[in-house]
Every structure is written in structure tokens, then in C-alpha cells.
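Asks: what follows is a predicted structure for the sequence shown.
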Amino acid sequence: MNLSAPHVQDIDPKEVVYVSFVGNYIGNTSVFEKLFGTLCGWAGDKQLFGPETRLLSAYYDDPDTTPPEELRVDVCMTIPPGIEIPLDGEIQRQTLPGGKYAVMQAELTGPEEYSPAWYAIAGWINENNLELDLSRPGYEIYLNSPDEDPEKLHRVEICLALK
């Protein structure tokens, strides 16, 4: 695991299409495989992938205080603002909020390193006397596809909302 030094940054709102999941996703890679498969299959059929497209996950709950069966996550894909997209089935559309965030880039060797990376940025927030804003989701913005990475690394930006 390789982590950059966290910093505070303003993030713009993001227009996305997404699929939702409620339940215990901690350590459950099959949940994310299914969600990404659904979203990417739908978007691929509609030729929505472009050079500016970003995949991300939006997390709405603190896994340390929320019962596992109540955890909520949206797996998202950015879309150009104002584009008309016919939605169907599980695919929804929303604008994810922007604002002030603690941001840290991470290079992870596998799914088991995501939780330690989240704890690292949370620890930095506490050490710097910053306060989380739990009214806005935290994000994982995926910077690559691990399957296509020569080292199979998960390159991700972790963003936690701040007051």
C-alpha cells in the first residue's frame, strides 16, 4: 500500500448515473463486481464511455457505527452535464455533492487494502482537528482499471467530506 499525503480540496459536484446497493459490502468483492458489471454493461451498450469518464463509489454511512445490513453504496459513472440518457431498470441519475473534502491518493495491491487506506485518511482528519461532514457521501474515485495495470495496482483517490 502506497498512500500520498492527504490534503484539503474543494471538489466540484459530479453528474452521474449509478446503481445502488444496501447491505454488507465490506470485504465482499462480488457485490462490486456485480454493480460495476451492471453499470458498465449498460453504459457500454449506450457508448457513454469517453476520455473524461470516471468511475467512482459513493459511500453514505460509517461502517463503524452503521449495522452492516444497512450500509449504502452507489457505484457511479460520470456523465457530461445536461446529456439526455434514457434510464432503465436499476440505473438511476443524480448529482453528487461537491464541497470541501480531505483527499488522499492510494496505490493498493488488492481489495483488502481499501479499509486500511480509509482508516489512514480518517486518522489524518482527526490528527488535524478537522470535522467530517456526514451529510455528504465519501468517495472512491478510481484512477485506473487494476486488470489493465501492469502491476495490477488499484489506483484510487479517497475523498471524505469535511465541515
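Replies: Now that the structure is in, tell me what you want to look at.
Asks: and residue 155, that one's in a strand?
Replies: Yes - counting by DSSP: H, G, I helix; E, B strand; the rest coil, residue 155 is part of a strand.
Asks: next, the contact list for it, please.
Replies: 105, 106, 107, 108, 142, 143, 144, 149 (C-beta atoms under 8 Å, 6 or more residues apart in numbering). In short, each C-beta sits where N, CA and C put it, glycine included.
Asks: top of these by neighbour count?
Replies: With neighbours taken as other C-beta atoms under 10 Å, the top of those is residue 106, carrying 23 neighbours.
Asks: centre of the chain versus the host helix or strand of residue 18, how much separation?
Replies: Using DSSP states H and E, residue 18 sits in strand 14-22. With C-alpha atoms, centre = their mean, to the nearest Å as the basis, strand 14-22 stands 10 Å off its chain's centre.
Asks: that one packs against which elements?
Replies: With contacts defined as 3 or more C-beta pairs under 8 Å, 6 or more residues apart in numbering; DSSP states H and E, strand 14-22 has these neighbours: helix 29-45, strand 55-59, strand 72-78, strand 92-96.
Asks: could you export it as PDB, CA atoms only?
Replies: This file holds the C-alpha atoms of strand 14-22, laid out as PDB (Å, rounded to 0.1, in the frame of the first residue of the first chain):
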ATOM      1  CA  LYS A  14     -20.500  15.400 -10.300                       C
ATOM      2  CA  GLU A  15     -23.300  14.400 -12.600                       C
ATOM      3  CA  VAL A  16     -23.500  10.600 -12.600                       C
ATOM      4  CA  VAL A  17     -25.500   7.600 -13.500                       C
ATOM      5  CA  TYR A  18     -25.400   4.900 -10.800                       C
ATOM      6  CA  VAL A  19     -26.600   1.600  -9.300                       C
ATOM      7  CA  SER A  20     -27.300   1.300  -5.600                       C
ATOM      8  CA  PHE A  21     -26.700  -1.400  -3.000                       C
ATOM      9  CA  VAL A  22     -27.800  -1.700   0.600                       C
END
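Asks: in its sheet, what does that strand sit against?
Replies: Note on strand 14-22: by DSSP bridges, its sheet partners are strand 72-78 (antiparallel), strand 92-96 (antiparallel).
Asks: re earlier: what is the nearest of the contacts of residue 155 to residue 92?
Replies: The closest of the contacts of residue 155 to residue 92 turns out to be residue 142 (C-beta to C-beta; 19.2 Å).
Asks: tell me the pLDDT of that closest one.
Replies: Model confidence at residue 142, expressed as pLDDT, equals 96.
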